[in-house]
Every structure is written in structure tokens, then in C-alpha cells.
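S.K.: predicted coordinates and the sequence they were generated for:
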Amino acid sequence: MDVVVGRVEEVRRDGCRVVDVRGRPVGVISVGEEFFAVSDRCPHMGASMCTGSLSGTFVEAGPQELVYGMDERVIRCPWHGWEFDLETGRSLLEPERVGLKTYRVTQQDGQVVLHTGA
Ligand code: FES
């Protein structure tokens, strides 16, 4: 199922727009020229991820060396700060166990389109 989210410039202006996909909220998030989509319910206690924030995190650059990276690729829950990789949906802390469902997003004729895969 494809869902038209809105015009590209409108979704960019909003930063994040929540759409209903068969009764489940999905957050479509604008980052620069790209769009990402994740479940809008935090797996911890259900906060809206769209009201959270985007940032980066420290990533390994070598043995015992961390550098700031993944800028605007980490979405942080507004309630208790759980962080997720915006591209994969996986938790930064427990990637094997916790995550947000992700969806594909494209731009077609000036519109942002969410692909739910069903
Ligand atoms: S509800 Fe998201 S971290 Fe608690």
C-alpha cells in the first residue's frame, strides 16, 4: 500500500508528519534532502517519536577511539531518551532486541510517498 504523505516542501517544513497506516501511526521524517519513516510509537512506553529529536552519536573510529557521527541519523524518544538509528530503526543500546519498524519513502511528482509493503 502506498500513502501520499504530502507535498515535498510541506513535509520538509513540518520536519515530521504522522500518517495512519491501517490504524498504526507512522512518522515520516525529513532530514535534508531525504525522508525516512519509522513507527511513531516508541517500543518502551509508546511516546510519539515525531515529538522527539534528531541528533548524532559517538561511533567507533578505532581501538578506544570514539568520534561524533551519524549526525541527524539518530532519533531520540522525548520521554526517556531511548535512541534509534533512523535508517535501520534499531536501538543504539540493544539493536538485536529493540527497534522501530521502518518503511521506504520516495518522492514522486513533488509528493512524498510512504510505501508500507502490503
Ligand atoms: S517511551 Fe520512549 S524511551 Fe520511554
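M.R.: Structure received. Residues are numbered from 1 along each chain as shown.

S.K.: the ligand contacts on this structure?
M.R.: Cys42, His44, Met45, Ala47, Cys77, Trp79, His80, Trp82 (C-beta under 6 Å from any ligand atom). Yep, even glycine has a C-beta here, placed from its N, CA and C like the rest.

S.K.: direction included, what does the biggest strand by length in the chain pair up with?
M.R.: For the chain, the strand with the greatest residue count under DSSP state E is strand 65-76. According to DSSP bridges, strand 65-76 forms sheet pairs with strand 53-62 (antiparallel), strand 83-85 (antiparallel).

S.K.: could I get the average pLDDT for the longest one?
M.R.: Which is strand 53-62. Taken as a whole, strand 53-62 carries a mean pLDDT of 94.

S.K.: for the remainder of this discussion, apply numbering that starts at 13.
M.R.: Let's use 13 as the start, then, which means that last one is strand 65-74.

S.K.: in its sheet, what does the helix or strand containing Thr118 sit against?
M.R.: According to DSSP states H and E, Thr118 maps onto strand 114-120. Its sheet considered, strand 114-120 pairs with strand 46-51 (antiparallel), strand 123-127 (antiparallel) by DSSP bridges.
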